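Chemist: Give me coordinates for this.
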Amino acid sequence: MLSARILARSLSIASLGLLLSAGCGGESKPAAKSPTQPEGDAAAKHHDDEPVVAVDPAAGGETVKVVDGKAPGDERYALQIEPPAEATAGSEGEVVVRVVPKEPWHMNLDFPTSLEVTPPEGITLAEAKQGKGDARKLDDSACEFAVKFTPAAAGEHTMTGKFKFAVCQDEACSPVTEDVEFTVAVK
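Modeler: I've put the predicted structure just below:
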């Protein structure tokens, strides 16, 4: 019975290592809100499980600890969304979506970082899906994407999306899928 548990745990750890080496997986958090939206949405769910340790074949067989702690955005990185101060119907506007790791964390430059945004009706995006090569900035200190949009009509328009990235420190990497949501006011 005990050996079956050890075997199951070993298989779980091996599967996690494959996921890490393939750049898959991650954790999901509630949508980040733009500064113009009210606070008070449900807080991130807390996970009290112990950290998982896995062997990452992509890292030359080194042991990698994947952190699954409480309120991940609070301790590892800050998500910043900057909608334009003013947008005009028929003219291109820009929203900046940025992640800034907090010390001792840094951006994982090998992870397949991406931002995919879904516009509402009446908004046209220059690029709905952007990858690492489209990032305005991507280095150890931050990752920043510019979401260029053209609204057809005045009003408030809310866009949603998924921001996939990973932050690392010396003994741990943390892949993240962050749900983003922001509203632009168009005149």
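
Chemist: would residue 103 count as being in a helix?
Modeler: No: looking at residue 103 with DSSP: H, G, I helix; E, B strand; the rest coil, it is coil, so not inside a helix.

Chemist: got the phi/psi numbers for it?
Modeler: Phi and psi for residue 103, reported as degrees, to the nearest 10, are phi -50, psi 140.

Chemist: Run a quick neighbour tally on it.
Modeler: Neighbourhood size, residue 103 [other Cβ atoms under 10 Å]: 7. In this view, the C-beta of every residue, glycine as well, is placed from N, C-alpha and C.

Chemist: before we move on, what about residue 104?
Modeler: 12.

Chemist: got a list of what the closest residue to it other than its chain neighbours touches?
Modeler: Spatially, and ignoring its direct neighbours in sequence, residue 104 is nearest to residue 169 (4.7 Å; Cβ to Cβ, 6 or more residues apart in numbering). Counting by Cβ atoms under 8 Å, 6 or more residues apart in numbering, residue 169 touches 104-106.

Chemist: Quick check: pLDDT value at residue 86.
Modeler: With respect to pLDDT, residue 86 scores 85.

Chemist: correct me, but it touches residue 187?
Modeler: Yes: counting by Cβ atoms under 8 Å, residue 86 does reach residue 187; the two are 6.4 Å apart.

Chemist: Show me the shaky parts of the protein.
Modeler: 1-74 (pLDDT under 70).

Chemist: just to confirm, which helix or strand has residue 167 in it?
Modeler: Residue 167 is part of strand 155-169, with elements assigned from DSSP states H and E.

Chemist: just so I have it, where are all the strands in the chain?
Modeler: 27-32, 52-56, 62-66, 77-82, 93-101, 106-107, 114-118, 123-125, 129-131, 137-139, 142-151, 155-169, 172-186 (DSSP state E).

Chemist: Residues in contact with the fifth one: which ones?
Modeler: With Cβ under 8 Å, 6+ apart as the contact definition, strand 93-101 has outside contacts at 34, 76-84, 87, 107, 115, 136-137, 140-151, 159, 161, 163, 165, 167, 178, 180, 182, 184, 186.
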